[in-house]
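J.: pasting a predicted model and its sequence here:
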Amino acid sequence: MTQNTAPRTRKVRVLATLGPASNTPEMIRKLYLAGADAFRINMSHGAHEDHAKVIESIRLLEKELGRPMTVLVDLQGPKLRVGRFEDGSVMLETGQAFVLDRDPALGDSTRVNLPHPEIFQALEPGARLLLDDGKLCLRVQTASLERVETTVETGGKLSNNKGLNVPDVIVPMAALTDKDRRDLSFALEHKADWIALSFVQRPEDVAEARHLIGGKASLLAKIEKPSAIDRLDGILELADAVMVARGDLGVELPPEEVPPLQKRIVESARRMGRPVVVATQMLESMITAPTPTRAEVSDVANAIYDGADAVMLSAESAAGEWPEQSVAMMNKIALSVEGDAGFADRLHFTETRPDPTTADALAEASARIAVTVSAAALICFTTSGSTARRVARERPSVPLLALTPKLATARHMGLLWGVHAVQTRDVGSFEEMVAKAKRIALRTGIAKAGDRLVLMAGVPFGTPGATNVLHVVRLTGNELNGEN
């Protein structure tokens, strides 16, 4: 792949969801040029045939621009819903009794079917049931395997098949439904780079998904249930990345608890060297308006100040009236924040201690050395992407160029903070490594004659996870001859 596009100066990545407003080849191209670094395909909507066309469009753009493109496929996960009503909906009054049961008959103002036997097994008196994105709240009084008696704490209109959240208990159901398994097979067949796992409750959910993925894609765990917070470290150990999915967190938790949890998740992920995405309602008003509210701008900025690897657009880019403008606004906010003189200090409030390995020690040292010698860039040679991830964890102040012979690895790195991935031929010697690093640094424009570069690699070359070399070189400007 011939690399044509110069690195973005922005470090945080922008993840844009594609949908009816943005799934044409022309609009995907516009979103990328406006600042999108990776594209999300939401399997909750659309048919496989349509998603296949979108992925094909992304890969064609990849060839046109000579830049690796990152595709994240987001699995729907287990959606809990109540049954249907005889009149289509009912009005529940605060204080009244209401029953959920296994009877498939159409419901009324006193009862409705709940087609999820797993929930009956888990519920206990005192547990809350939240309906229709938290608009209604029921409190469990008694629960058996066939019937749950509740009191309506917050009333309102309840319609057919509205969603149900169970925040106070762990529901004994797999994170992957039959639909998810079909969608996962589709995603792997079409070489998706990341798989997002929805409604993770425990590390075992991540382990099951990892087994099914079999190393064919990276796994991102969405943190959107309180039970996942309780076992966050275990989930982080098994996942390749995490997402702060604030929409569902805000349904199952009081809204005032979400901001501190967001900071905790971002901090924990950074300490463990896992990429972290902040998502949901970031520029919500831009679904219908060409500009965001000032509060939304501050929200995005705070996530960037906290050091998130990526910020995500959902309906703003998927179904809104201003998809291109939403991406451009996200890009502008990020550039403004990263241009703040105090950004680096705030970014390093979170202490990221290296693991006691040679690779981690060198990654930490590389960021310090780059500052000490006023290097123009850090360049790492990586087969699996682990070296780039380790260096990105340190949030270096200079550009980070990741050179890899594997296109899949280059695509995967589209969610890593500050990484500009380049697919290039592998190197076979130390001298060849130095020559290639200098050549690509000049070609991409991240360095010029007289600049220093900090290089990282593993010897013997081509061995994943064997980072053991750190080298500083100076450019003369005569290195441009040679092949990629």
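T.: Looks like it arrived, so ask away. All of these numbers come straight from a predicted model, not from anything done at the bench. Numbering: from 1, shown residues only.
J.: for the residue most central in space within the chain, name its beta-bridge partners.
T.: For the chain, the residue nearest the mean C-alpha position is residue 277 (4.1 Å; C-alpha atoms, centre = their mean). Beta-bridge partners for residue 277, by DSSP bridges, are residue 243, residue 310.
J.: surely residue 54 is in contact with residue 25?
T.: No: checked against C-beta atoms under 8 Å, the pair residue 54 and residue 25 is beyond contact range at 9.0 Å. Yep, even glycine has a C-beta here, placed from its N, CA and C like the rest.
J.: quick one: contacts for the residue nearest to the centre of the chain?
T.: 15, 220, 241-244, 308-312, 415 (C-beta atoms under 8 Å, 6 or more residues apart in numbering).
J.: out of these, who's the most crowded?
T.: Counting neighbours by other C-beta atoms under 10 Å, residue 243 leads these with 31 neighbours.
J.: distance of that one relative to residue 252?
T.: Look at residue 243 and residue 252: by C-beta to C-beta, to the nearest Å, they are 15 Å apart.
J.: got a pLDDT number for the closest residue to residue 109 other than its chain neighbours?
T.: Nearest non-adjacent residue to residue 109, counting by C-beta to C-beta, 6 or more residues apart in numbering: residue 90, 4.5 Å away. The score at residue 90 is 95. That number is its pLDDT.
J.: what is the neighbour count of residue 90?
T.: 19.
J.: then residue 20?
T.: By other C-beta under 10 Å, 13 other residues sit near residue 20.
J.: doesn't it lie inside a strand?
T.: No: using DSSP: H, G, I helix; E, B strand; the rest coil, the assignment for residue 20 is coil, not a strand.
J.: can you list the contacts of residue 277 in CSV and add pLDDT?
T.: Output for the contacts of residue 277, formatted as CSV (pLDDT from 0 to 100):
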residue, pLDDT
15, 98
220, 98
241, 98
242, 98
243, 98
244, 97
308, 97
309, 98
310, 98
311, 98
312, 98
415, 97
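J.: pretty sure residue 221 sits against residue 195.
T.: No: counting by C-beta under 8 Å, residue 221 does not reach residue 195; the two are 9.9 Å apart.
J.: those two - which one has more neighbours?
T.: Shown here are residue 221 and residue 195; by other C-beta under 10 Å, residue 221 has more neighbours (29 against 26).
J.: who's in contact with that one?
T.: 196-197, 200, 205-206, 228, 235-236, 238-239, 241-243.
J.: which residue is the nearest non-sequential neighbour of it?
T.: Residue 221's closest residue in space is residue 239 (C-beta to C-beta, 6+ apart), at 4.0 Å.
J.: the residue nearest to residue 115 when sequence neighbours are not counted: what secondary structure?
T.: Leaving aside its chain neighbours, residue 115 sits nearest to residue 83 (5.9 Å; criterion: C-beta to C-beta, 6+ apart). Three-state call for residue 83 (three-state DSSP): coil.
J.: who are the contact partners of residue 83?
T.: Residue 83 neighbours (C-beta under 8 Å, 6+ apart): 104, 106-107, 112-115, 160-161.
J.: ok, now how distant is it from residue 190?
T.: Relative to residue 190, and taking C-beta to C-beta, residue 83 is found at 35 Å.
J.: mind listing the strands in the stretch 301-450 of the chain by residue range?
T.: Under the criterion DSSP state E, counting those that start in this stretch, strands of the stretch 301-450 of the chain are mapped to 310-313, 377-381, 400-404, 419-423.
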